[in-house]
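# fold the following and give me the result.
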Amino acid sequence: MRFDDKVAIVTGAGSGIGAATARAFSEAGAHVVLADLAQDELGAIAATLPQDRTLVHRLDVSRPDEVEAMVEAAVAHFGGIDVLFNNAGILVEGSADATALEDWNRIVAVNLTGVFLGAKAALPHLKQRTGCIVNTASVSGLAGDRGMAAYNAVKGGVANLTRALAIDHGRDGVRVNAVCPSFTRTGMTADKQRDEATVQAFLDRIPLGRLGEPVDIARAVLFLASDDAGFVTGVNLPVDGGVSASNGQPLFETD
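Got it, this is the predicted structure:
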């Protein structure tokens, strides 16, 4: 899966899945735009990548003007766009009655509207180069969790927006897919990682018996963005160690 002379935009590139995917695209030969609010983190990652193939751009994905400016900067600097990885996201936990409207509006703005804005700004350029979009949804967008009402809602929205974009723009030559991670070792899950009981509860539900790593998700993103997936569009791909293979009954150990 080589991306020589291709241009990939990665939002949320300052840490976790975004950082791992930006590195993976760069190692595969791509020119990479690192976009995030976290300037210091972006700078540290950019310093480890080829300077002539790396562009850093501060971005709040919930602001249309900033998204449009980022896309235009990518086109001006590298000449076009081949891949948009809509990955930026935040986490809001709690049931609906325990979620403040301010928190609801913020997670919708970042996790769902941000994906819409990224696609809207990039599509004219992706059509010119038969490019593709990969979104970060979640297994939490394919089924529900306890105490994750807002997160379930926005990730479900991303999953169905992915399908809609794929249908609308397939004839334009633009493929649109999403990765759906389960529990992955990122900064977003840092608090849960420190609780041994919580980690064990997740491990008990994962057939492969381990948590996801950012590089696991990055490899799936690169596949979906590659020519190897040239006839794949509208897919929400679980990258979850087998979690979504279960019907929900206990996973008993057998001899």
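# what are the contacting residues of the helix or strand of the chain at the bottom of the mean pLDDT ranking?
Among the helices and strands of the chain, helix 190-193 carries the lowest confidence by mean pLDDT, DSSP states H and E, at a mean of 90. The set of residues that contact helix 190-193 without belonging to it, under C-beta atoms under 8 Å, 6 or more residues apart in numbering, is 183, 185, 198-199, 202, 211. Placement of C-beta: from N, CA and C, glycine included.
# now, of these, which are buried?
The neighbour-count test (16 or more other C-beta atoms under 10 Å) marks 183, 185, 199, 202, 211 as buried among these.
# helices - which of those land there?
For the buried ones among the contacts of helix 190-193, membership in helices holds for 199, 202, with DSSP state H as the criterion.
# shaky segments in the protein?
Within the chain, the set of residues satisfying pLDDT under 70 comprises 252-255.
# most widely separated two among the buried ones among the contacts of helix 190-193?
Taking every pair in the buried ones among the contacts of helix 190-193 and measuring C-beta to C-beta, the maximum separation is 11.0 Å, between Arg185 and Phe202.
# between the two, which contacts overlap?
Contact with both Arg185 and Phe202 is made by residues Leu211, according to C-beta under 8 Å, 6+ apart.
# ok, which stretches of the protein are helices?
Here the chain has its helices, by DSSP H, at 16-27, 39-46, 64-78, 101-107, 114-128, 149-169, 190-193, 196-203, 214-225.
# for the shortest one, what is the distance to the chain centroid?
In terms of C-alpha atoms, centre = their mean, to the nearest Å, the centre of helix 190-193 is set 19 Å apart from its chain centre.
# flag every buried residue along it.
Of the residues in helix 190-193, those buried (16+ other C-beta under 10 Å) are Gln193.
# okay, the helices of the chain in JSON lines with distance to Val179 next?
As requested, the helices of the chain are exported to JSON lines (distance: least, C-beta to C-beta, whole Å):
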{"stretch": "helix 16-27", "distance to Val179": "8"}
{"stretch": "helix 39-46", "distance to Val179": "20"}
{"stretch": "helix 64-78", "distance to Val179": "20"}
{"stretch": "helix 101-107", "distance to Val179": "19"}
{"stretch": "helix 114-128", "distance to Val179": "13"}
{"stretch": "helix 149-169", "distance to Val179": "10"}
{"stretch": "helix 190-193", "distance to Val179": "20"}
{"stretch": "helix 196-203", "distance to Val179": "18"}
{"stretch": "helix 214-225", "distance to Val179": "5"}
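# between these, which gets nearest to Thr136?
helix 16-27 (6.5 Å).
# residues making contact with the closest one?
Contacts with helix 16-27, where a contact means C-beta under 8 Å, 6+ apart, come from 3, 8, 10-13, 32, 34, 36, 41, 45, 48-50, 53-54, 83, 85, 87-88, 136, 181, 184, 186-188, 213-215, 217-219, 221-222, 225.
# list the residues that contact Pro238.
Residues touching Pro238, when contacts are defined by C-beta under 8 Å, 6+ apart, comprise 139, 142, 180, 182, 244.
# check contacts around the first one.
In this structure, Val139 makes contact with 180-182, 238, 240, 243-244, judged by C-beta under 8 Å, 6+ apart.
# just the buried ones from those?
180-182, 238, 240, 243.
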